Structures are given as C-alpha cells and as structure tokens.
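Colleague: Let me see the structure of the following:
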Amino acid sequence: MSGCTATAPPTTVASPPSTTIPVPTTTDPATVGGSDFGPGPYRVEATVAVGESPTSIALDPETRTAYVARYVDGAATQAVSVLDTRTRTVTTEIPVGQVFPSGPQSIAVDSDTHLVYLVGGNSAGEVLVIDPGSESVTATIQVDGDPVAVVVDALRHTLYVANKFSRTVTVVDTVTRAVVATIPVDGQPRGLAIDPDTHHLWVVGGADVSVIDAATHAVSTTLRLGDDPAYIAIDPQTRTAYVTHSTGNSVSLIDTVRHTRTDSVSLGVRGRAFAAVVDPVAHTVYLSGGVFDVVTMIDTRTRAVTAARYSGITRARPYGSTTYGMAVDPVSHLLYVTNKDSGQIEVVAHE
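Modeller: Numbering: from 1, shown residues only. Next up, the predicted model:
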C-alpha cells in the first residue's frame, strides 16, 4: 500500500506598511567655535549632572563607581558626589566638612581597599579617609601644610601627598595610616604620578621634575624643565612621562627609563594643558584645559595632537566650561571630565 502526503498551500503574510523613523541630526558640541585640530575620533557619550562646582574625580573600575569632589566657595561644608558609572546617576553625596583642596589630583581611590582619599585643609594639612561603605569620613591623616595632590600605590600600600608650601612629599602607610617619610623636593610640588613598572614617584614642582625611589624614599633624579611645569601623567607602554606647563601651550616628554627630556608637543592656538591622564590601550593622552574650557588629545604613537575639543557645552555656556579633573576607566576606556561651571561630568568615548 502506498500513502500520500497532503501539502498545505503556502500562507501569504501581508507585509506591514513601510514606516520611516526620523533620525535626529546632531552636531558634535566640540565643533562649536572651531578648532585647530577639530573634534577628532572622539564623541561625547553622555553628560551627568553631579552638583555645583565639580573639580576633581577618581574612578574605582571594580565597583563601577566615580567619586567627584566638589568645592563650592563659601559653603560651610563640602561634599563628594558618588556616581554609578553603569547607570550614570549620582547615588549619594558624602559630606566631608570644611576642606579647601585644589588641583585635579586631590582625590584618589585605593583599588585594593576601595577607600577614597581626599586632600583637605590648607594650613591644617590633612588627608581625609572616606569609607564608601559607611558613606562617611572615617579617619584623618595629618601631613604637612597645604596639601594639594594625592596618589595611591595600591600594590605597595602607600599613599603620597604633595605639600605645596611646605615643599615636601609625605609618604603614608595605608595599612597603619602612619607617616613613614617626609621628603623635601625642589619647588612647590603640584603634580604626582606613579610609574607602574618601577613604582617610583614622579613629582612636578617649581621648574623641576623629581623622581623619588619607592624603596629608599629619597630623590634619585631631578630634571630641570623650566616654563612652570604643572602636572604629569605616565604612559607605561611607551615609558614616557607627559608634563604639562602652566604657561605656554605645550607638553614636555620625558623618557622614564633614562630620565631624560626627549621632546615636546605643541598644542596649537586652542590646545591647552592643565592636568593629564593616559589611556595606554587607546594610545591617547588626555589634557584638561582649565579655564580655557577644552580637552586636548595626543596620540602616544605619533606624538601628535589629534583633537582639541570644547568641553561642558550647555545652553548657558555655548563655549564650554572649566575643565580641571579627569579620569580614564581602564575597563570601558571612557574619559570622565569635570565641567566646573556647568555642574556636570562629561563622558567621552574614543571611536
């Protein structure tokens, strides 16, 4: 016996009517007012309102958190805004009392303990220890007068503090919170950076850049740069330090192995350099422009400026906002920039 299989006739499904969804045309805010170098291969991915006068920022990539220090003139107490970098919302504010720090490196995160260190007090000479768990200041470390910058070497459990008017660097054991050394340096120290390969501390102050040995806590090298060097960032991939200058519009390059100045990069008419941070994976040095309201980018391979972008543009500030503090997320490679006058953080992506 043979069987047969009936085949159902094909079903015809009517196509939905064609709909054209309008896509808004946007203009990169960096193009407003023009630029010598243009907006470059970067885009503003988001802006986040964080409260009045944000000036410094530090990231904890493991907890996906950013800590934004805000210094409001005349306020009885200051605060640190806590930003969830996943949702890009402020989750809380931590009161820190009356502190008067300055500079974009005045707040730092210990990637091992996740504690936050904030420079506080001019003549008082204090560093505040903030516990994100309790959302409060849990300890105070006494250092020299007028501390202006702080960095943490989590692997060596060491905190370094630049004391501007005392012309010293304080070395603190982060486990015991005891001061283990006070190191005199030339000039008034402002910028600090740790070489991740050697763990030596690089200090910018006066007309000099000093290198402090991590083991001996002594200055091993002093380089005379002149032109009022201000802040420093180190690229571990190219073994190069980038030093900004308060005057002029250039950046000095130093070979961190040979401890010699090798080159300088002109930033053009609009490019300015206040603080500096490096993303070695994106091969980029980011420079905040301070009151010039710009962020300038340098390609670490070509050592050429790739962009000079206006930052913090709003309706009220069509040509940008003061840019002091910056931080790069080593996981997402997003740049976070404080826009002091606009009360926001600008999140910039490298395309």
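Colleague: What are the phi and psi values at D195?
Modeller: D195 has phi and psi values of phi -80, psi 120 when expressed as degrees, to the nearest 10.
Colleague: Relative to D144, how far out is it?
Modeller: 23 Å (Cβ to Cβ, to the nearest Å). Placement of C-beta: from N, CA and C, glycine included.
Colleague: do the same with V285
Modeller: For V285, the distance to D144 - Cβ to Cβ - is 30 Å.
Colleague: Compare neighbour counts for these two and give me the winner.
Modeller: Ranked by neighbour count (other Cβ atoms under 10 Å), V285 and D144 place V285 first, with 27 against 18.
Colleague: Spatially, which residue comes closest to E93, not counting chain neighbours?
Modeller: Using Cβ to Cβ, 6 or more residues apart in numbering and skipping the chain neighbours, the partner closest in space to E93 is A79 (4.6 Å).
Colleague: actually G187, not the one I wrote
Modeller: Excluding the flanking residues, the one nearest G187 by Cβ to Cβ, 6+ apart is G206, at 1.7 Å.
Colleague: and what of G290?
Modeller: Using Cβ to Cβ, 6+ apart and skipping residues adjacent in sequence, the residue nearest G290 is F274, 3.8 Å away.
Colleague: got the buried residues for stretch 43-56?
Modeller: Buried residues in stretch 43-56, counted by 16 or more other Cβ atoms under 10 Å: R43, V44, T47, V48, V50, S53, P54, T55, S56.
Colleague: Alpha carbons of that stretch, as PDB, please.
Modeller: Taking Å, rounded to 0.1, in the frame of the first residue of the first chain, the C-alpha atoms of stretch 43-56 are listed here in PDB:
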ATOM      1  CA  ARG A  43      32.400  61.700  20.800                       C
ATOM      2  CA  VAL A  44      30.500  62.900  23.900                       C
ATOM      3  CA  GLU A  45      28.700  59.800  25.000                       C
ATOM      4  CA  ALA A  46      26.900  61.400  28.000                       C
ATOM      5  CA  THR A  47      26.700  64.300  30.400                       C
ATOM      6  CA  VAL A  48      25.800  63.700  34.000                       C
ATOM      7  CA  ALA A  49      24.700  66.400  36.500                       C
ATOM      8  CA  VAL A  50      26.600  65.900  39.700                       C
ATOM      9  CA  GLY A  51      26.000  69.200  41.600                       C
ATOM     10  CA  GLU A  52      27.700  72.500  41.900                       C
ATOM     11  CA  SER A  53      31.400  73.100  41.100                       C
ATOM     12  CA  PRO A  54      32.900  69.600  40.400                       C
ATOM     13  CA  THR A  55      36.700  69.900  40.100                       C
ATOM     14  CA  SER A  56      38.200  66.500  40.800                       C
END
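Colleague: what mean pLDDT does it have?
Modeller: Stretch 43-56 shows a mean pLDDT of 93.
Colleague: same thing with stretch 218-226?
Modeller: Per-residue scores along stretch 218-226 average to 93.
Colleague: Now tell me what touches that stretch from outside.
Modeller: With Cβ atoms under 8 Å, 6 or more residues apart in numbering as the test, stretch 218-226 has contacts from 183, 185-186, 200, 207-213, 243, 245, 252, 254, 259-261.
Colleague: what does stretch 159-169 give?
Modeller: Contacts of stretch 159-169 (Cβ under 8 Å, 6+ apart): 108, 110, 117, 119, 125, 127, 141, 143-153, 170-174, 182-192, 194, 201, 203, 205, 212.
Colleague: Give the other helices and strands that the strand or helix carrying M326 contacts.
Modeller: Per DSSP states H and E, M326 falls inside strand 323-328. Applying 3 or more Cβ pairs under 8 Å, 6 or more residues apart in numbering; DSSP states H and E, one finds that strand 323-328 contacts strand 54-60, strand 65-70, strand 276-279, strand 284-288, strand 294-299, strand 335-339.
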